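Visitor: Here you go, sequence then predicted model.
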Amino acid sequence: MPPRPLAKINKIDPAELKMLKKRIDIAMALIILSAVLLLTRLWYLQIYRGDEYAKLSEINRIRIQEIAAPRGNILDRTGQPIITNRPRFNVVWNREDAPNPDTVIKDLAKILNEDISVLLDRIRAATENPRYMPTRLKEDIDWETLVTIENKHLALPGVRIEVMPSRDYLYGDFASHLVGYLGEISRAELSEKHYAAYQSGDQVGKQGVEKVFEKYLKGEKGRNYLEVDVHGFEQRQIKLQDPYPGNDLHLTLDIELQRTAEEAMAGRAGAVVVMEVNTGNLLVMSSSPPLHLQEFIGGISQTAWDRMLHDPLHPLLDKTIQGQYPPGSVFKIATALAAISEGIVTPDATYFCGGSLNFGNRRYGCWKKGGHGTVDFQRALIESCDVYFYSVGMRLGVDKIAKYANSLGLGKKTGIDLEHEKGGIIPSTTWKQQRYKEKWHDGETLSVAIGQGYVLTTPLQLCRMTAAVVNGGTLYRPQLVHRITAPDGKTLKTFSPVSEGKILGSAHSLALIKEALVGVVNSAGGTAKVVALPDVLIGGKTGTAQVVNLSHVAGMSDQAIPYKYRDHAWFSAFAPAENPEIAITVLVEHGQHGGSAAGPVAKALFKRYFELKNGTPENPAEGPSPSPAVDEKEE
Amino acid sequence: MLRFDRRLLLNIDWVLIMAVLVVALIGLANLYSSTHLYTNMGTPLYIKELTYYLIGAAAILLIVSIDYRVLLTLNYPLYGAMILLLVVALAVGKTVGGSQRWIDLGFFRLQPSEPAKLILVVTLASYYYRKETGKGFGLLDLAVPALLTALPFLLIAKQPDLGTALLLAFVFASMTLFVKLRWTTLATLLCCGLSAIPLAWKFFLKPYQRQRVATFLNPENDPLGTGYHIIQSKIAVGSGLIFGKGYMQGTQGQLDFLPERHTDFAFSVWAEEWGFFGSSLLIICYFFMILWGLNIAISARDKFGVLLAFGVVSLIFWQTFINLAMVMGLLPVVGVPMPLFSYGGSSLLTNLAGLGLLMNIRMRRYMGTS
């Protein structure tokens, strides 16, 4: 037994034992009560509110990774793809997986042919991100770099390749203003209602049909359900939901014609519009110079943007719908229609052009200084006699001219499915009163009659006007999209021609004008004889739009005039004359002469159109080389 | 050296042994589930815990072979040793998680506040046994036991380890109430205690402790900071539903969302994987053990045995209750481990020693008092 004797100890006094027993009973009761309390709490957490906590634990452990959907393709009217997708390979870096990051980054910099500081900067910029989130070190690497990295992946722990779908522009900057480009969704867009399903970082259409038809093109994102631990590291995949590609957009554009137009306009600023006269379908919508779509992938750089912003050729402007120019003599079609319909002139009534007309105390000159002599209605159009139109304009008054111009679709938006379209201006007495709070001066009517003064139109408007004049008088809404098809080929939506009503003027009046327009190209004294083709009868109207007051350039030769003061050149035409199919409008900014600058572009397009239509084997496209047979200068 | 009475063998407390074995096996299985993913920590923790269990079993054998009355002569030396260890812990102790709780012995990191709990029980039982009072304790009679408690209380609170310090206070209160207080004394103490709470809040609690209490009252205010433990533990427990997610299938525990999952929050891991079914079974096991302990107390052969057994039971009860209430969001996170269930050598050995004392008292209930 223990070294020391145990303390003497007595049995418990029975009375005290009874009291102790009583207190033990109280303690037991309290302990059982606390057990009941704990079990109730357990029941409350696991059964009463269990489902709620089960959901919270799922949210804790599951991370949903979104997989970008391939965007719908954009095709031409024959079904040839213009814009598709291609996988874009990015190099990403996960520092957690790399035991010796320094050497890996050094090796990687060599493979990527980048300075190591560039990579380190990227890593440093991402230090705020959660540890599991990989850092993107380089975007869109080429095939060889990809193969090198894949081959060396054992020596490059932590380095991975990320695949993202990205736009593939099969024809480069083809129809760039029309198709538009993509960009990361902005904060402002995210707060808009129709972008509710988007998240920051998503790519959305920013311009052109990419934006307007965003909801058809975008597709459905896929989702990868991953189990993650508390640090966010992936443990395993729970479920994979594949993305669903976007719908294909079949444009009304014709690849061949669009390319012909773009090649013909290369190096110049301007616009080309080709429309089917009986449907309003647009075969060509070209604004020059184009946007460089490749530069917009992954966000355009500030320098590239500034460069475009300050380019004198204004590449950012879609000149087909946003460029507002005085139509010049092309507008004489509207004035002529008003005059003949209002009975101001008869087809045979003649005016004498002596080279100028005096009105008030001012002298209004004709572009042909020697004068056209005696001209009737059609001759005046063919030779574009200013004095004739001064006279009829004076007698019509500006409001009558405006009435007919408006009915031809001028002075308002055409309603094409593109954003930021401009409406142009067709002045009238009320317009001037509202805009300038001033009375209309009759002298201003003379300028309007020949498409100068306040008149502003877009190339698309003039093309549609030309189409309406020669198709029997129907004004169609310009259409860009033919149909939309699902990835399985099913057609989701077709766009049929939309008529916006009949234009003013009798069939007879329209026939007279059309005949005169054929004369412009084909008869002696016509201003666009250079455009004539041997086997197709073309009609059209030239125009030269003054940019500055004549006094700025008086007495200068064409070459001596500074670029920005040179006149804009117009040509708006149709063919075949007997039964017109297409209308073409060409604008060359500061191109000086409608016939010689804009005409050959239209001619090349007509030629290509009928070659394609008649199955003629493809010839090397005839360049828009200025024809030596320059016409007389018109004003 | 030890002369063993054959009657002792006949009176071995198989019920308590079985209860402890069941809890131990569940605890080890649960520890395996919560720590098998820790790969870079040397010896697996469940092996270490199993080793402590074996050491504890040996300690129980030693404890039951000596009559518990020897403690009546050893109580003050033990108390003195305890105070010394607590001072050493404060002076040269290892700092872990911001508090100085451990003395590194090389092979073992001793947390002196754990044996201090049991030694306080022995000290108070001895004191109350010697201080015979018929009509209950008055205020002055309480001065000595209160001082005996206050000294380790302050040393532990200084570490700081508020949970263990409060546990000492609860054990002191339980034992004192058990030996009977005069009504006037009780009333005076209650009043003083209640008025001391705001003072303690202001002057005694450290900012992080105040933060913990505030967080407990509204954990959603700070879901990533101090509220995180409570929220994640409630999610773990609640998402167990009726039958749990399955052994080693708990997502909160296995994926690391649950902090301290092998120590303070071991029960949450169990509750997540075994649901209401397994959790209530475990709770019932513990309370059976506690109630059985009270049965041992009342059947002890002498008053010292009664007081000692009651003290040990109150120690085990308060640890269990505070830990369970804490992981289920009924009490603030104060860092009190679940006896036998939370990983930790000092705590396990202390509780096994306490259970050894209970077995000791049980075995000697029919023995003579001389």
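Guide: That came through fine.
Visitor: which bits of the stretch 151-300 of chain A sit near chain B?
Guide: A:227, A:228, A:229, A:230, A:231, A:235 (Cβ under 8 Å from any Cβ of the partner chain). Bear in mind the C-beta positions are built from the backbone N, C-alpha and C, glycine included.
Visitor: Next one: whatever residue of chain A ends up closest to chain B from residue B:235, what distance?
Guide: Closest to chain B within chain A is residue A:53: 2.6 Å, counting by Cβ to the nearest Cβ. Noted for residue A:53: a distance of 5 Å to residue B:235, by Cβ to Cβ, to the nearest Å.
Visitor: now do residue B:24
Guide: Relative to residue B:235, residue B:24 is positioned 28 Å away (criterion: Cβ to Cβ).
Visitor: same deal with residue A:266?
Guide: As judged by Cβ to Cβ, residue A:266 and residue B:235 stand 66 Å apart.
Visitor: again with residue A:534
Guide: 84 Å.
Visitor: Same check on residue A:561?
Guide: Separation of residue A:561 from residue B:235 (Cβ to Cβ): 79 Å.
Visitor: Between the two, which is the more surrounded one?
Guide: For residue A:561 versus residue B:235, the count of surrounding residues by other Cβ atoms under 10 Å in any protein chain shown is larger for residue B:235: 26 against 17.
Visitor: So the more buried one, which state does it fall into?
Guide: Classification of residue B:235 using DSSP: H, G, I helix; E, B strand; the rest coil returns helix.
Visitor: Touching, it and residue B:253? I think so.
Guide: No. Assessed by Cβ atoms under 8 Å, residue B:235 is found out of contact with residue B:253, at 10.8 Å.
Visitor: quick one, what contacts residue B:272?
Guide: Listed by Cβ atoms under 8 Å, 6 or more residues apart in numbering or on different chains, the contact partners of residue B:272 are A:57, B:236, B:237, B:239, B:240, B:244, B:245, B:250, B:251, B:252, B:253, B:258.
Visitor: Out of those, give me the two with the largest separation.
Guide: Comparing every pair within these by Cβ to Cβ identifies B:244 and B:258 as the most remote, at 14.2 Å.
Visitor: Looking at those two, which has the bigger crowd around it?
Guide: Taking neighbours as other Cβ under 10 Å, residue B:244 and residue B:258 compare with residue B:258 leading, 28 against 21.
Visitor: That one and residue B:268 touch, don't they?
Guide: Yes. In this structure, residue B:258 is within contact of residue B:268 by Cβ under 8 Å, at 5.7 Å.
Visitor: residues contacting residue B:355?
Guide: Contacts for residue B:355 (Cβ under 8 Å, 6+ apart) come out as B:16, B:20, B:60, B:312, B:316.
Visitor: got any ranges where the stretch 51-200 of chain B has weak pLDDT?
Guide: B:94-99, B:133-134 (pLDDT under 70).
Visitor: Report the buried residues of stretch B:78-95.
Guide: B:78, B:79, B:82, B:83, B:85, B:86, B:89, B:93 (16 or more other Cβ atoms under 10 Å in any protein chain shown).
Visitor: same deal with stretch A:75-85?
Guide: Buried, per 16+ other Cβ under 10 Å, within stretch A:75-85: A:75, A:76, A:77, A:82, A:83, A:84, A:85.
Visitor: Show the pLDDT at the third one.
Guide: This means residue A:77. Here the pLDDT value assigned to residue A:77 is 92.
Visitor: try the fifth one
Guide: Looking at residue A:83, its pLDDT is 93.
Visitor: Apart from its chain neighbours, what residue comes closest to it?
Guide: residue A:74 (4.2 Å; Cβ to Cβ, 6 or more residues apart in numbering or on different chains).
Visitor: Any idea what the nearest residue to residue A:88 once chain neighbours are set aside is bridged to?
Guide: Distances taken as Cβ to Cβ, 6+ apart put residue A:166 closest to residue A:88, at 3.7 Å, once the chain neighbours are dropped. Counting by DSSP bridges, residue A:166 forms beta bridges with residue A:86.
Visitor: residues touching residue A:166, list them.
Guide: Residue A:166 neighbours (Cβ under 8 Å, 6+ apart): A:85, A:86, A:87, A:88, A:140, A:297.
Visitor: Show me which of these are buried.
Guide: A:85, A:88, A:297.
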